[in-house]
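In: Predicted model and sequence follow; I will ask about them next.
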Amino acid sequence: MKVKENVDVLARTQQVIETALTTLGYDSAYYELMKEPLRLLTVRIPVKMDDGKVKVFTGYRAQHNDAVGPTKGGVRFHPDVTQEEVKALSMWMSIKCGITNLPYGGGKGGIQCDPRTMSFGELERLSRGYVRAISQLVGPTKDIPAPDVFTNSQIMAWMMDEYSRIREFDSPGFITGKPLVLGGSIGRESSTALGVSIVMNEAAKVLGIPIQKARIIIQGFGNAGSYLAKFLHDAGATIVGISDAAGALYDPNGLDIEHLLERRDSFGCVTNLFPNRITNQELLVQDCDILIPAAIENQITEDNAHLIKAKLLVEAANGPTTHVATQILTERGIMIVPDVLASAGGVVVSYFEWVQNNQGYYWTEEEVNERLTKILVDAFHNVYRTSQEKKADMRLSAYMVGLKRVAEAVRWRGWV
Ligand SMILES: NC(=O)C1=CN([C@@H]2O[C@H](COP(=O)(O)OP(=O)(O)OC[C@H]3O[C@@H](n4cnc5c(N)ncnc54)[C@H](O)[C@@H]3O)[C@@H](O)[C@H]2O)C=CC1
Ligand SMILES: O=C(O)CCC(=O)C(=O)O
């Protein structure tokens, strides 16, 4: 009987990190240091619920490596959050920051909860409780959180306010993804999607796919997926499929994106309004030129990789494709723009937000977009060139580019 592939995100990340460091010629001590976060904090957060009862939530904050600079990465609120997932997510952040030359290492946080079933007040108390629990470990020069799945600018605002109260001074640089009036950056909300479209354009040029004629499927209709649908639709592409946690919609003639954007709820759900929806798994194997997973991990596995019809897979989500699926798709000649490159636009504009907070001087939309575009176009070509030179797949190449920067900082500091 065939053994099922191990889809554990931490194990597969460690595997690629080890291969990347070995290929780059670093000795095993570098891998020993980087195969786990330097620090992982687990916290228990008591929250008074609206019915008067206390519910205790589990949360995490992982700091993968701070040799390059303070750690940086989002906080997710999701029922499936685990310690292993948060660790892997923090490692991916180190690689993203390395690829884009940001002065950060990787961090990530998460709370096991379902914000879709919680009131505004309960969410505020949970967000503030999380900050109180992790406040010793984080800060504008230590570790800077940001939004991720099911967290948004309101949650960032509560977290920033709680941190400022604890420290007794206004600390906008503690967190990014804030509302503009509290020191947010123009363009942060749409930056992950804009970044995906920038690197996708570069990949499409390499493959000779004209975006205006491309048929595109996007899995996930939240922050990343919905802005992406808008940008690509506005650029003339045909969005033939979208999905959310409730299911998926597919129309080979193109979906009415404006209507779907108007009807989606604050958790990125809209397909529940349509009786003709299909499943997320059915959507992924429909006909298209470009497939963009923008939801959660482990969506493309050994079970469906051989059925994918797209010529280009652009990973807006973190970790959507397993190790075996990466091999199958690469062998089939399908180009993968890996998560650590494709979804880096968010952290790049978060960095711009932090710089603006430190300066107290705010940039225009043109300045943000121009700088973001330059960083990501360079990053794409650096990773693509590495893949050609080393005859490596795009994921391994991205890990090599990102980890080299971390390894060099580790070496100069004399840690290894
Ligand atoms: N928001 C950001 O700045 C960044 C987000 N990302 C990644 O992009 C992906 C999406 O994040 P956001 O758009 O921010 O989150 P979001 O919370 O705004 O949207 C999540 C979307 O995924 C859908 N979803 C949730 N569970 C699902 C499931 N089991 N099956 C199918 N769909 C499901 C939701 O319905 C929603 O449409 C995540 O992997 C995240 O880590 C990466 C870089 C930055
Ligand atoms: O904006 C940030 O600092 C981090 C975004 C993030 O969590 C990610 O890229 O996965």
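Out: All right, it came through fine. Ligands and ions are numbered 1, 2, ... in the order given.

In: measure A246 to R165 for me?
Out: 38 Å (CB to CB, to the nearest Å). The C-beta positions use only the backbone N, C-alpha and C, and glycine is treated the same way.

In: Show me what from the stretch 101-250 of the chain comes close to ligand 1.
Out: Proximity of the stretch 101-250 of the chain to ligand 1, by CB under 6 Å from any ligand atom, involves residues 147-150, 192, 220-225, 243-245.

In: If we use 8 Å, what do you get?
Out: Contact residues (CB under 8 Å from any ligand atom) of the stretch 101-250 of the chain with ligand 1: 146-152, 177, 188, 191-192, 219-226, 243-246.

In: Please apply the same query to the stretch 301-416 of the chain.
Out: Proximity of the stretch 301-416 of the chain to ligand 1, by CB under 8 Å from any ligand atom, involves residues A316, A317, N318, G319, P320, D339, S343, A344, G345, G346, V347, S350.

In: and the closest residue to the first one other than its chain neighbours, how many neighbours?
Out: In other words, A316. Among residues not flanking A316 along the chain, A294 sits closest, at 3.7 Å (CB to CB, 6 or more residues apart in numbering). For A294, the neighbour count with other CB atoms under 10 Å is 31.

In: Can you name the residues that contact A294?
Out: Going by CB atoms under 8 Å, 6 or more residues apart in numbering, A294 touches V196, I218, Q219, G220, F221, G222, A224, G225, L228, A316, A317.

In: Now do it against ligand 2, distance only.
Out: Separation of A294 from ligand 2 (CB to the nearest ligand atom, to the nearest Å) stands at 12 Å.

In: Could you number the chain from 9 rather than 1 from now on?
Out: Okay, residue one is now 9; in that scheme the one you just asked about reads as A302.

In: hmm, back to that, narrow the residues of the stretch 309-424 of the chain next to ligand 1 to those in helices?
Out: Those of those mapping onto helices are D347, G353, G354, V355, S358, per DSSP state H.

In: Need these in CSV (columns: neighbour count).
Out: Below are those laid out as CSV (neighbours: other CB atoms under 10 Å):
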residue, neighbour count
D347, 25
G353, 30
G354, 28
V355, 25
S358, 28
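
In: Next, give me the two most distant ones among those.
Out: The most widely separated members of those are D347 and S358, with 16.0 Å between them, by CB to CB.

In: Count the residues that sit near the residue of the chain found nearest ligand 2.
Out: Nearest residue of the chain to ligand 2 (CB to the nearest ligand atom) works out as G82 at 2.7 Å. Around G82 there are 25 other residues, counting by other CB under 10 Å.

In: tell me the contacts of it?
Out: With the criterion set at CB under 8 Å, 6+ apart, G82 makes contact with L97, K116, G117, P153, A154, P155, D156, V157, T159, G185, G354.

In: one more time with 10 Å
Out: 97, 101, 115-118, 153-157, 159, 164, 183-185, 200, 326, 354-355, 358 (CB atoms under 10 Å, 6 or more residues apart in numbering).

In: Need the pLDDT of it.
Out: On the pLDDT scale, G82 is placed at 98.

In: Skipping adjacent residues, who's closest to it in space?
Out: D156 (3.0 Å).

In: and the gap between the one you found and S351?
Out: In this view, D156 and S351 are 10 Å apart by CB to CB.

In: Check the contact lists of those two and give me the overlap.
Out: By the contact definition CB under 10 Å, 6+ apart, D156 and S351 are jointly contacted by T200, A232, N326.

In: With C277 as the reference, measure out to the residue nearest to the last one when sequence neighbours are not counted.
Out: Beyond its immediate neighbours in the sequence, the residue positioned closest to N326 (CB to CB, 6+ apart) is D347, lying 5.0 Å away. Remark: distance between D347 and C277 (CB to CB) = 23 Å.

In: so where do the helices sit in this protein?
Out: Secondary structure of the chain, counting by DSSP H: helices at 17-32, 36-42, 91-107, 128-142, 161-175, 196-215, 231-242, 265-271, 288-292, 331-339, 347-350, 353-367, 373-398, 402-421.

In: what's the neighbour count on the closest residue in space to R421 that isn't next to it in sequence?
Out: Of all residues beyond its chain neighbours, the one nearest R421 is A75 (5.6 Å), with distances taken as CB to CB, 6+ apart. Residues within reach of A75, counting by other CB under 10 Å, total 20.

In: For ligand 2, tell me whether stretch 130-143 is touching it.
Out: No - judged by CB under 8 Å from any ligand atom, stretch 130-143 stays clear of ligand 2, getting no closer than 15.1 Å.

In: How about the residues of the protein by ligand 2?
Out: So far as CB under 8 Å from any ligand atom goes, the chain lies against ligand 2 at 80-84, 97, 100-101, 104, 116, 152-156, 184-185, 196, 199-200, 326, 351-352, 354-355, 357-359.

In: residue contacts, D58?
Out: Counted by CB under 10 Å, 6+ apart, D58 has contacts M126, S127, F128, G129, E130, R133.

In: Surely the third one touches Q162?
Out: Yep, that's F128 we're talking about. Yes - look at F128 against Q162 with CB atoms under 10 Å: they come within range, at 8.4 Å.

In: okay, and for the chain, where does confidence drop off?
Out: For the chain, the stretches with pLDDT under 70 are 9.

In: Would you mind confirming that L18 makes contact with L48?
Out: No - between L18 and L48 there is no contact under CB under 10 Å: 11.4 Å.

In: what do those two both touch?
Out: The contact sets of L18 and L48 overlap at Q91, V94, K95 (CB under 10 Å, 6+ apart).

In: Going by neighbour count, which of those comes out on top?
Out: Using other CB under 10 Å as the neighbour test, these are led by V94, with 27 neighbours.

In: which one is it nearest to, not counting chain neighbours?
Out: Among residues not flanking V94 along the chain, Y68 sits closest, at 4.3 Å (CB to CB, 6+ apart).
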